[in-house]
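> 3D, please:
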Amino acid sequence: MIRLSLLLVASLAILATPAQTPAQTAPKYPALPSETPATVAVPANLADYTRRVVMIPMRDGVKLNTVILVPKSATASSQAPILLTRTPYSAAVLTTNAQSTHLGSSLYGYDNATDVIVDGGYIRVIQDVRGKYGSEGDYVMNRPFRGPLNSTPVDHSTDTYDTIDWLIKNIPESNGKVGILGISYDGFTTLAALVHPHPALKVAVPMNPMVDGWRGDDWFHNGAFRQQNIPYIYEQDGTRDNSAHWPTSTFDDYDMWMRATSAGNLGRERGVEQMGFWRKVLAHPAYDSFWQDQAVDQILAAQAAKQPLTVPTLLVHSEWDAEDVYGAMAVYKALKPFDKATGTADEKIFLAMGPWHHGGSIEDGRSLGAVKWPEDESLWFRTNVLAPFLAHYLKDEAPGKAPIAPVTSYESGADKWESLQSWPVVCTQAPNETPAAAACDTQPTRLYLRAGDAISFEPPAAGESEETSYDSDPARPVPFRARPIQAINYSSAAAWPDWLADDQREQSGRPDVAVFTSEVLTKPVTLAGEPIANLVASTSGTDSDWVVKLIDVFPEEVADQPKMGGYQFMIAADIFRGRYRKSLSNPEAIPANTPELYRFALPNVNHVFLPGHRIMVQVQSSWFPLYDRNPQTFVPSIFAAQPSDYKTATQQIFHSVTQPTFIELPLVTP
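This is a model prediction of the structure:
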């Protein structure tokens, strides 16, 4: 109590003290000199490279932020080639993966085949595309080429031309030769360089490029919308520096998408309609001129029909690409018929197919999810294919025939690399494709769905059960991978890139997934090409999605890898939205309870089903939440579907003598 009283007296005394007058303020002392320099300069002799940041002017006056990294080995008297990448993902970030004095450490990360770049002594140039990060101008997602969708005088082709022109005139350490390479979006900008290319562009390596956003790359697959890419649209389109981040609300994305009902409704709830590209997606759910006029494979093919191919191009395809599994193969198919010099020193179009996820060719390649390979197949590719290909065109003074095969492809199952003269090894003819688009010797073989959940190379027999049924309930869609399903995450234990290699046993045990399995194989079954699904099916609804998955079922026990016993390894799979069965651009309702043919291509495969394994086919009507749910009631736009539109439907798959369902397999015969 005494102590409390003393404190009270002291407090009252403070309150009674008169306020200070200006004359009583504390004297002002001089500030201490700042220890922070106006700029920080790292001593040039510490690093094994020099870094320059420049703003390169384009023909319309817009300047693009460009980072130039010159290794110390490159000088005005000992010149080196340039390797260029144009990106919407920040040139500053991609060139400072580590704050290091070593070029390799600074580059090690996305879009940098670091060992090839450093060991090859290349000058590395990375540029922000217009409208992103340090570059001026306006940003447009996958900016269309000049034409119906772009009335301006500039596009990625002109920006690349102007950039290359500036680089060879302003980098004294350059030998005047430029190569361009990049992954995904940066693979798209790599392809853009081939539209009216600069004379100094000597080689291009588009890896997993975005090519056709509706047919089978980032935004749709055969009409089904890839709704888990909405956060990408939100962040990429929202701000110049991607600082507006997608707000998460649930640990399991499956729950978030179910509560939203439709992708369109979630967009409204989350403010995605602020983003210009999202409004374009909503306005163009079908394959209309908006998508057709942007299909890079068709743009390049139209150009190749008018003028010869001039730039040697290595298309890099990942066989388990969860983002752009369509693009590289579509460009190869479109351009290879125009490569009249195949097999000679003038050959221009090359293909590499590897056992990777999206962008996996520049990462550790010893495994794909739970599936292990004999060695680092990415390192093998970079050492034996990418490095010699670049060096041949960028360093050799008088290059002869390319040091790689026209096609270099990894054969999974047999687990070996093959050098091939062409692709596919086995011909298939996808919908809307002319037979002349792919010339090869072997024809496809039909693998039939049969009664009793079986599959066989023999067609159905009279008297067999003629259909298999399941109920598809939009309230319980089939998850595309085991839950919980998290937003696209490249670093978690269940990382997004590897999901196409996930074990499919969880799905095969569901009543709304039809499963057909072969007998145990007694001899190898080798596939090399594009499987084509020919699904005869009916629905009690008026619209439906169809997912077909081709799967390698491992033996029940695998001695050296116990966890792989019975593993269901997905080799190829895709989805088709039923309303587009007759026309990709003009959707139609499906007649209820009427068998219809759904014919569509699955991604290319180069795989051996080994003796002791089995072949499995799964068919289902949802793949959620990767793809938006089909309400199974025909509505003009599924983006605007209401809760009352989502109804359970009974699906029937026919496998009779007169209505067979089969997959045309690119079967390699001995």
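> can you pull out the low-pLDDT segments for the stretch 351-500 of the chain?
For the stretch 351-500 of the chain, the stretches flagged by pLDDT under 70 are 398, 426-442, 487-494.
> what about 50?
434-439, 493 (pLDDT under 50).
> could you pull out the strands in it for me?
367-368, 371-372, 407-411, 416-420, 445-450, 454-456, 467-472 (DSSP state E, counting those that start in this stretch).
> pairing partners for the fourth one, with directions?
Sheet pairing of strand 416-420 (DSSP bridges) gives strand 407-411 (antiparallel).
> centre of the chain to the strand it pairs with, how far?
19 Å (CA atoms, centre = their mean, to the nearest Å).
> show residues contacting it.
By CB atoms under 8 Å, 6 or more residues apart in numbering, the surrounding residues in contact with strand 407-411 are 319, 350-355, 377, 381, 384-385, 416-423, 526, 528, 606-608. Where you see a C-beta, it was placed from the backbone N, CA and C, and this is true even at glycine.
> coming back round to it: which one of the strands of the stretch 351-500 of the chain is the most hemmed in?
strand 407-411 (a mean of 22; mean count of other CB atoms under 10 Å).
> what about V619, neighbour count?
By other CB atoms under 10 Å, the residues close to V619 number 21.
> so where does it fall, helix or strand?
With elements taken from DSSP states H and E, the one containing V619 is strand 614-620.
> then Y234?
Per DSSP H and E: helix 230-238 holds Y234.
> send the alpha carbons of the helix or strand following that helix over as CSV?
Per DSSP H and E, the first helix or strand lying C-terminal to helix 230-238 is helix 253-260. Taking C-alpha atoms only, helix 253-260 is exported to CSV below (Å, rounded to 0.1, in the frame of the first residue of the first chain):
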residue,chain,number,x,y,z
ASP,A,253,-9.4,-27.4,-53.3
TYR,A,254,-12.1,-30.0,-53.9
ASP,A,255,-14.2,-28.3,-51.1
MET,A,256,-13.7,-24.8,-52.5
TRP,A,257,-14.7,-25.8,-56.0
MET,A,258,-17.8,-27.8,-54.8
ARG,A,259,-19.0,-24.8,-52.8
ALA,A,260,-18.6,-22.5,-55.8
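> what comes up buried for helix 253-260?
D253, Y254, M256, W257, M258, A260 (16 or more other CB atoms under 10 Å).
> try stretch 395-407
K395, P399, A402, I404, A405, P406, V407.
> closest to T468 out of these?
V407 (37.7 Å; CB to CB).
> which residue ranges of the stretch 451-600 of the chain form helices?
505-508 (DSSP state H, counting those that start in this stretch).
> swap in the stretch 301-450 of the chain?
327-335, 377-381, 387-394.
> out of these, which one sits most buried?
Greatest burial across these, using mean count of other CB under 10 Å, falls to helix 327-335, with a mean of 25.
> count of neighbours near T101?
Other residues close to T101 by other CB under 10 Å number 14.
> would you convert the buried residues of stretch 395-407 into a markdown table that also reports distance to V118?
Putting those into a markdown table (distance: CB to CB, whole Å) gives the following:
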| residue | distance to V118 |
| --- | --- |
| K395 | 15 |
| P399 | 22 |
| A402 | 23 |
| I404 | 21 |
| A405 | 26 |
| P406 | 28 |
| V407 | 28 |
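> now for the residues you listed: which two are most distant?
Going by CB to CB, the pair spanning those furthest: K395 and V407, at 23.5 Å.
> flag the shaky bits of the stretch 551-670 of the chain, pLDDT-wise.
Residues of the stretch 551-670 of the chain that meet the cut-off, pLDDT under 50, do not exist.
> mind running it again at 90?
669-670 (pLDDT under 90).
> just the strands in it please.
568-577, 596-601, 605-609, 614-620, 649-654, 662-665.
> so the first one versus strand 614-620, what angle?
Put plainly, it is strand 568-577. In terms of direction (axes from the mean of the first three to the mean of the last three CA atoms, to 10 degrees), strand 568-577 departs from strand 614-620 by 30 degrees.
> strand 568-577 to strand 596-601, inter-axis angle?
Using the same axes, to 10 degrees: strand 568-577 against strand 596-601 is 120 degrees.
> which residues touch strand 568-577?
216, 221-224, 371, 412, 500-505, 508, 527, 531, 533, 543, 545-554, 598, 600-605, 607, 616, 623, 627, 630.
> same thing with the fifth one?
Strand 649-654 is contacted by residues 449, 466-472, 514, 535-541, 544, 595, 619, 621, 632, 660-661 when judged by CB under 8 Å, 6+ apart.
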